[in-house]
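sequence first, predicted coordinates after that:
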Amino acid sequence: MKVHELPQFTALQTAAASFKSDEKLHLRILCSDSSRCAGLVASHETDNGAKIILDYSRQQVTGETMEVLYDLADKVGFTAKRDKMRSGVKINTTEGRSVLHHALRMPKGYDYSVNPEGKQILSDVHAVRDKIEAFTNKVRSGELVGCTGKELKNFVCIGIGGSQLGPEFVNEALRADLSAAKASEGRNLRFLANVDPVDFELCTRDLDPEETLLVVISKTFTTAETMLNARTTKKWIVDGLAAKGITDAAEITSKHVIAVSTAIDKCVDFGIDEANIFGFWNWVGGRFSVCSAVGILPLSLQYSYDVMASFLDGAHDIDEHFFTAPLRQNIPVILGLLGVWNSTFLGYETRALLPYSQALKRLPAHIQQVDMESNGKRVDIEGIPLPFQAGEINFGEPGTNGQHSFYQLMHQGRPVPADFIGFMESQRPIALDGEPVSNHDELMSNFFAQPDALAYGKTLNEVAQEGVPEELRHHKVFAGNRPSSSILMTRLDAFAIGQMLAIYEHRTAVQGFIWGLNSFDQWGVELGKSLAKQVRAQLSSSRKSGAHVQGFNSSTSSLLEAYLAHGGN
């Protein structure tokens, strides 16, 4: 039975109608019920005492609403779907693949017997991890050097989509962590994703080719943008070293270019030493690949394998929590159910991810891809059109920056369900004499205040009591009743970054399982790419032989002709 055919679906539609119309269900009223609020909290604690607290009492739910959502999850077979994912069943049916990014985080000796091929999978994973550890240790120690004998200290990571967004998020999150920062002293990690030549210029302009190692990331070694950037950057290194008297392009490539790919032959043809090609598997989707060599190789070059092993341990910690914790205390499950409730039943089309941590400034961009590429679908897993909208428009910005950007809309425009993320400790605490609070406490004052402001709002009567002139009163009314969740963690270190990643990866899977769609394919990215091939061919023939523009609609033809007439390239 489809999710929308279940009586629980109908019951949730009825409940949503009540939340939209009944003033007694305004969050201002609901949040005054301390017993309700106490029941809408979940927590997770690790062996080292680090905590994650999820408070979702400012969501437009009651305990009864949550029970219907749990019942809905039960009736769609959520637990069975989750167990199939864990055990390696090929739940990505359109591509005939398992979904096993959680296997990338399993420690050596882990009992993965729930998967019939678990022992071999774990062996393969750790063979690559061991290879990454050995290689990165040699580079970082100076045992492996570039053509001129200089140490390799600059790492240019060339890839796009999941090959860039995930690793870049983790890199930014680690930069201010004390242990990671110490491990990265004197090194630079850059990401080259956009085929725009400006990106290449900004990425390489202050780097020395003698000290630079390129990490080309492409599963098939055919991704158009990635391969053009790879050829461009390879030429930059070859030309730079030629100026130093090193003219053997093959030697330069073998010492300055490595790859993460499954296309061994193509990598070798590019000039990469086969020993410096790091593999991964078709059960790792691009947007879920940061825990594979895609992310762990460049990040270990920058921060050390030991730091990244802690990151993987954090992700594994949440994997275990997701697969084994009771649903009512399961943080990714609760977040996923709330996502379904807010989008499918309450009709909210957007969702904000608001980390009160500058180090997490790239988390929203990464989760935007994880979520929107996974659940932005029009049909269910059987190819039948969905009778409701699936997937939300995800965006976000670190607090307090976002408060001076789009919070105006959140408070007085359209409601946007939000996740606020904060930490009990700062990565870099500052406390000035004479100031009432530390810098981190100032930041966290806003973390605690904003969810209440969104939930409670301010009534016309309250505005009047403040003595606001009558002509301004309606401008200063806040409707409130804007839902949010608050996630409070102990500290942001490599382990916690891994936890954060896994929480949002699994939240996405939960929503897909409830909606009955395939969260692990991405056919929607194909059409534009295929049309770009036709445009590329036209540009090439027009530039080189003066061929007339043809085969496009009048609008595109007109734009192409204007572009070509300008003459620049």
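Great, that's in hand. Residues are numbered from 1 along each chain as shown.

make it CA atoms for all contacts and neighbour counts henceforth
Fine.

residue 57: how many residues sit nearby?
Other residues lying near residue 57 total 25 when counted by other C-alpha atoms under 10 Å.

and residue 277, how many neighbours?
22.

look at the closest residue in space to it that isn't next to it in sequence and give its secondary structure.
What sits nearest to residue 277 in space, not counting adjacent residues and going by C-alpha to C-alpha, 6 or more residues apart in numbering, is residue 259, at 4.8 Å. For residue 259, the assignment made with DSSP: H, G, I helix; E, B strand; the rest coil gives strand.

what's the answer for residue 219, then?
Applying three-state DSSP: residue 219 is coil.

any idea of the pLDDT on it?
Reported pLDDT at residue 219 in the predicted model: 90.

what about the strands in the chain?
41-45, 51-55, 154-158, 188-192, 212-217, 257-260, 277-278, 350-355, 393-396, 418-423, 484-489 (DSSP state E).

same list (the ones you listed) but as JSON lines, adding distance to residue 8.
Formatted as JSON lines, the strands of the chain follow (distance: least, C-alpha to C-alpha, whole Å):
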{"stretch": "strand 41-45", "distance to residue 8": "23"}
{"stretch": "strand 51-55", "distance to residue 8": "24"}
{"stretch": "strand 154-158", "distance to residue 8": "47"}
{"stretch": "strand 188-192", "distance to residue 8": "46"}
{"stretch": "strand 212-217", "distance to residue 8": "45"}
{"stretch": "strand 257-260", "distance to residue 8": "46"}
{"stretch": "strand 277-278", "distance to residue 8": "47"}
{"stretch": "strand 350-355", "distance to residue 8": "24"}
{"stretch": "strand 393-396", "distance to residue 8": "25"}
{"stretch": "strand 418-423", "distance to residue 8": "25"}
{"stretch": "strand 484-489", "distance to residue 8": "23"}
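
hang on, isn't the residue nearest to residue 277 packed against residue 266?
No: using C-alpha atoms under 8 Å as the test, residue 259 is too far from residue 266 to be in contact (10.4 Å).

more neighbours: which of those two?
residue 259 (29 against 14).

ok, what's across the strand from the more buried one?
residue 216, residue 277 (DSSP bridges).

check it and give its pLDDT.
For residue 259, the model assigns a pLDDT of 98.

cool, and residue 1?
87.

residue contacts, the closest residue to residue 90 other than its chain neighbours?
Excluding the flanking residues, the one nearest residue 90 by C-alpha to C-alpha, 6+ apart is residue 98, at 3.9 Å. Applying C-alpha atoms under 8 Å, 6 or more residues apart in numbering to residue 98 gives the contacts 85, 88, 89, 90, 91, 92, 283.

show me where pLDDT drops low in the stretch 201-350 of the chain?
Within the stretch 201-350 of the chain, not a single segment meets pLDDT under 70.

one more: the stretch 1-150 of the chain?
Checking the stretch 1-150 of the chain against pLDDT under 70 turns up nothing.

returning to that earlier point: so which of the contacts of residue 98 would you say is closest to residue 504?
residue 85 (15.9 Å; C-alpha to C-alpha).

I'd assumed residue 102 was in contact with the closest one.
No: if you go by C-alpha under 8 Å, residue 85 and residue 102 don't touch, sitting 9.3 Å apart.

looking at the protein, which helix is longest?
Looking across the chain with DSSP state H, the single longest helix is helix 118-141.

now that one - C-alpha only, PDB.
Provided in PDB are the C-alpha atoms of helix 118-141 (Å, rounded to 0.1, in the frame of the first residue of the first chain):
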ATOM      1  CA  GLY A 118      30.200  -8.000   4.700                       C
ATOM      2  CA  LYS A 119      33.600  -9.500   5.400                       C
ATOM      3  CA  GLN A 120      34.900  -8.900   1.900                       C
ATOM      4  CA  ILE A 121      33.400  -5.400   1.800                       C
ATOM      5  CA  LEU A 122      35.100  -4.500   5.000                       C
ATOM      6  CA  SER A 123      38.400  -5.900   3.800                       C
ATOM      7  CA  ASP A 124      38.200  -3.900   0.600                       C
ATOM      8  CA  VAL A 125      37.300  -0.700   2.500                       C
ATOM      9  CA  HIS A 126      40.200  -1.000   4.800                       C
ATOM     10  CA  ALA A 127      42.700  -2.000   2.100                       C
ATOM     11  CA  VAL A 128      41.900   1.500   0.500                       C
ATOM     12  CA  ARG A 129      42.000   3.200   3.900                       C
ATOM     13  CA  ASP A 130      45.400   1.600   4.700                       C
ATOM     14  CA  LYS A 131      46.700   2.700   1.300                       C
ATOM     15  CA  ILE A 132      45.500   6.200   2.000                       C
ATOM     16  CA  GLU A 133      47.200   6.200   5.400                       C
ATOM     17  CA  ALA A 134      50.500   5.000   4.000                       C
ATOM     18  CA  PHE A 135      50.600   7.400   1.000                       C
ATOM     19  CA  THR A 136      49.600  10.500   3.000                       C
ATOM     20  CA  ASN A 137      52.100   9.700   5.700                       C
ATOM     21  CA  LYS A 138      54.800   9.600   3.100                       C
ATOM     22  CA  VAL A 139      53.800  12.900   1.500                       C
ATOM     23  CA  ARG A 140      53.400  14.600   4.900                       C
ATOM     24  CA  SER A 141      56.800  13.300   6.200                       C
END
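
show me what contacts the residue lying closest to residue 317 once chain neighbours are set aside?
Computed as C-alpha to C-alpha, 6+ apart, the closest residue to residue 317 that is not its neighbour in sequence is residue 499, at 6.8 Å. For residue 499, the contact set (C-alpha under 8 Å, 6+ apart) comprises 311, 314, 315, 316, 317, 318.
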